[in-house]
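**Q** sequence first, predicted model second:
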Amino acid sequence: MTARRTCHLACGDAAEALATAPAGIAVLGVSSPPYLGLIDYAEAARASAAARDAVIWHAGTMSPIAYLDAMSAVLAQLDRVLTPDAILALEIGDVRIPRSGGTLAPLPDWWLALCEGFGFRLLERIAMVRPLALGRRSGHFKRFNRPGYALLDTVTSTLLVVGRGDPLRRLRARARAEDAIETAWAERFLRTMWMTARPRRRTAERIGGHPVPSDRECVRALVRFYSCRGDLVCDPFAGSGVIGEVAAEEGRQSLLCERERVFAEQIAAALRDRGVTVVPLEALEGRRRVVVPSSQLHLSLPDAHELVARRAFLRDTPGAEVTPRYQAMARDFALEYGIEVTPEMVALFHRMERRYVLKVGRERYAETVPPPAA
């Protein structure tokens, strides 16, 4: 590992960037995933670079299927980058889908299901409470005048803390005197509801930065509670770069991915101003291994399909046989959220099913397959 107060920063798609990182290097993931296409981050980046205001909110143009497919690809690589006893903390809010008559899409529940599919279990479910700010960042609320449309300025969002393995044992083994946390400070966060800071009100500050920065003290609590000094913290959706800044202040390294170049440059500049060394993601040392997105998903598969699993694994072709469950899964999903069954939706669940078949085959019949080339 490199020295402390180092940030490994990548600009580009999170799944593609994480695919180049070594496996098992981060003990903690902290992030706030996109809210189903409700914010035009590209337009926000252009407005930030030009120091001008802009309309960045819209009713959400991304389909739920495309969203889940993209997020599962990121989570697959994050699953690989995190250690077997890692913790992942995600801030997510509910969202309404206008095209389905305003159906409430429970994004926190969707993300929890995805995380459980990758072998994580729920540790904490915390309500993040923020003051309502009727400013530029809540223009969507003012235009539609309906609760649920100003999603990032509504009263609450959900913080999911999931883990795998035995993270508490890791923390007890690694903790040193400098990792001690003051009880008076910690008591504020030893509850299931966290209060966040009021959003920025000065126009210059709001226009010049990221539209939805993470709350600094809440991030600090997660970093202190679930990692030790010298550990690596990962954020695949860096945004404002608060996770990297707090990680450096607390003596941790960070791995950040940000798609918009303007925001990535702002993150790098802010970190360098704080004395943090910013290096490319490729500088990370460790064992590199690339996996197929979502290849670790756990979908229930009856024992009767064991032979199918073996054939699917040994015959590495796109048309490997899978169970017909994916068709029923697509129909159930469409029925629940009031949307039509599309070929893209069926294809998503087909990929999920096949990837689980590959995983079962890899676990049970790996000895019959030559090891991959280094």
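**A** Here it is on my side, so go on. Numbering: from 1, shown residues only.
**Q** pretty sure residue 91 contacts residue 219?
**A** No: if you go by Cβ atoms under 8 Å, residue 91 and residue 219 don't touch, sitting 9.3 Å apart. (Each C-beta comes from the backbone N, C-alpha and C, glycine too.)
**Q** can you pull out the helices in the stretch 101-250 of the chain?
**A** 107-117, 139-144, 167-174, 183-186, 203-208, 216-226, 242-249 (DSSP state H, counting those that start in this stretch).
**Q** dump these into CSV; add mean neighbour count and mean pLDDT as well.
**A** Shown next, in CSV, are those (neighbours: other Cβ atoms under 10 Å; pLDDT from 0 to 100):
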stretch, mean neighbour count, mean pLDDT
helix 107-117, 18, 86
helix 139-144, 17, 42
helix 167-174, 14, 92
helix 183-186, 10, 90
helix 203-208, 14, 59
helix 216-226, 21, 95
helix 242-249, 24, 95
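**Q** helix, strand or coil for the nearest residue to residue 247 once chain neighbours are set aside?
**A** Nearest in space to residue 247, with sequence neighbours left out and distances taken as Cβ to Cβ, 6 or more residues apart in numbering, is residue 254 at 4.1 Å. At residue 254 the chain is in strand, as set by DSSP: H, G, I helix; E, B strand; the rest coil.
**Q** any idea how far residue 254 lies from residue 36?
**A** To residue 36, residue 254 is 26 Å away according to Cβ to Cβ, to the nearest Å.
**Q** so for the two, which sits in the more crowded spot?
**A** Between residue 254 and residue 36, residue 254 has the larger neighbour count (other Cβ atoms under 10 Å), namely 30 against 25.
**Q** list the contacts of that one.
**A** 6-8, 232-235, 243-244, 247-248 (Cβ atoms under 8 Å, 6 or more residues apart in numbering).
**Q** ok, those vs residue 351, which is closest?
**A** residue 234 (24.4 Å; Cβ to Cβ).
**Q** how many neighbours does the residue lying closest to the closest one once chain neighbours are set aside have?
**A** What sits nearest to residue 234 in space, not counting adjacent residues and going by Cβ to Cβ, 6+ apart, is residue 26, at 4.0 Å. Neighbour count of residue 26, defined by other Cβ under 10 Å: 28.
**Q** so residue 26 versus residue 352, what's the distance?
**A** Computed as Cβ to Cβ, the residue 26 to residue 352 distance reads 24 Å.
**Q** return the set of buried residues in stretch 10-24.
**A** 10-12, 14-15, 17-19, 21-24 (16 or more other Cβ atoms under 10 Å).
**Q** in helices, which of those fall?
**A** Per DSSP state H, helices hold the following members of the buried residues of stretch 10-24: 14-15, 17-18.
**Q** redo those as CSV? Include distance to residue 111 and pLDDT.
**A** Compiled in CSV, these are given as follows (distance: Cβ to Cβ, whole Å; pLDDT from 0 to 100):
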residue, distance to residue 111, pLDDT
14, 14, 93
15, 15, 92
17, 20, 93
18, 17, 93
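**Q** in those residues, find the pair that's most separated.
**A** 15 and 17 (7.4 Å).
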